[in-house]
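J.: dropping the sequence and predicted coords here.
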Amino acid sequence: MPKYIVLYQSSASAAEQMAQATPENAADGMQKWMAWAERTGSALADMGSPVSYAMTVGGADPAPGTPHVGGFSILEADSQEAVRALLDGHPHFGAPGASIAVFEFLVLPGM
């Protein structure tokens, strides 16, 4: 079954969002994420994790205003449409300037 990496993007970093959240907001957010994980079931191959700021190795730093990648998950689904359905109503969409980028893993020949 195809795998997809799901990148959670926002205009605020995950560290900023966590630092600004009240304990009540943080608990509510976790409850929403856990409800999504339960709804997603076995299609959620890896819940993932929030991530800190990116380190650029070679090349230019991201342009100002580029969304922060604040975390990731890995999903398994039969199609991009199935992934879209799994992400419908995702709690990340409550983050400021939220978007979600999805990339399908490609199978390397001979691997």
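T.: Noted; the coordinates are in hand. It should be emphasised that the depicted structure is a prediction, and the values quoted were computed from it without experimental measurement. Numbers count the residues shown, from 1 in each chain.
J.: centre of the chain to stretch 93-106, how far?
T.: Distance, stretch centre to chain centre, for stretch 93-106: 5 Å (Cα atoms, centre = their mean, to the nearest Å).
J.: let's see the distance spanning it from one end to the other.
T.: Its first and final residues considered, stretch 93-106 spans 27 Å by Cα to Cα, to the nearest Å.
J.: name the residues of it that are buried.
T.: A95, A98, I100, V102 (16 or more other Cβ atoms under 10 Å). C-betas here are computed from N, CA, C, even on glycine.
J.: contacting residues for G48?
T.: By Cβ atoms under 8 Å, 6 or more residues apart in numbering, G48 lies in contact with V6, G71, F72, S73, I74.
J.: my assumption is that I74 lies in a strand; please confirm.
T.: Yes. I74 sits within a strand when classified using DSSP: H, G, I helix; E, B strand; the rest coil.
J.: burial count for it?
T.: By other Cβ atoms under 10 Å, the residues close to I74 number 15.
J.: for it, which non-adjacent residue is spatially closest?
T.: In this structure, I74 finds its nearest non-sequential neighbour in D46, 4.0 Å apart by Cβ to Cβ, 6 or more residues apart in numbering.
J.: T56 too?
T.: Closest residue to T56 apart from its sequence neighbours, by Cβ to Cβ, 6+ apart: P62 at 7.3 Å.
J.: what's across from the spatially most central residue of the chain in the sheet?
T.: By Cα atoms, centre = their mean, the chain has its centre lying nearest to Y8, at 3.1 Å. Beta-bridge pairing for Y8 (DSSP bridges): G71, I100.
J.: look up how far G58 lies from it.
T.: The spacing between Y8 and G58, counted by Cβ to Cβ, to the nearest Å, is 25 Å.
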